[in-house]
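Enquirer: the sequence isn't on hand, but the structure is:
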């Protein structure tokens, strides 16, 4: 019985992670439009500008604004570039199933 539960849990693990592994291939990436490519380049330039800033001379509120701006840039790049992601909750459920069946 334990062998069957173990193999089922491994099978579920591969079923969940396989779409993520195949989405990372370059051939499976969706083609970006010219506007999206231009926007991504603008965001990359802004990130380089932020990295070049001197943070020691900034106030606390300025640092917070920069941090929030970087978070928004990160969200926008994920939205524009697309992809398949596994949520943290799904990983926890998979681990719980593995623990329960072994």
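Expert: Arrived safely. For clarity, every value in this text was computed on a predicted model and none was experimentally measured.

Enquirer: so who does residue 38 touch?
Expert: Residues near residue 38 by CB atoms under 8 Å, 6 or more residues apart in numbering: none. (Glycine included, C-beta is placed from N, CA and C.)

Enquirer: secondary structure element for it?
Expert: Using DSSP states H and E, the element containing residue 38 is helix 34-51.

Enquirer: before we move on, what about residue 12?
Expert: helix 2-23.

Enquirer: neighbours around residue 9, how many?
Expert: Residues within reach of residue 9, counting by other CB atoms under 10 Å, total 19.

Enquirer: with residue 50 instead?
Expert: 14.

Enquirer: got it, and residue 74?
Expert: A count of nearby residues for residue 74, using other CB under 10 Å, gives 12.

Enquirer: just to revisit the earlier point, and the next helix or strand past the helix holding residue 38?
Expert: Using DSSP H and E, the first helix or strand after helix 34-51 is helix 60-81.

Enquirer: buried set for that following helix?
Expert: Residues of helix 60-81 classed as buried: residue 73 (neighbour count, 16 or more other CB atoms under 10 Å).

Enquirer: flag the shaky bits of this protein, pLDDT-wise.
Expert: Within the chain, the set of residues satisfying pLDDT under 70 comprises 1, 16-30, 82-86, 102.

Enquirer: can you list the domain ranges for it.
Expert: Domain assignment of the chain by automatic domain parsing yields the ranges 1-30+84-102, 36-81.

Enquirer: re the thing from before, tilt between the helix holding residue 38 and helix 60-81?
Expert: On the basis of axes from the mean of the first three to the mean of the last three CA atoms, to 10 degrees, helix 34-51 is oriented at 150 degrees to helix 60-81.

Enquirer: span of stretch 51-61 from start to end?
Expert: Taking CA to CA, to the nearest Å, stretch 51-61 runs 17 Å from one end to the other.
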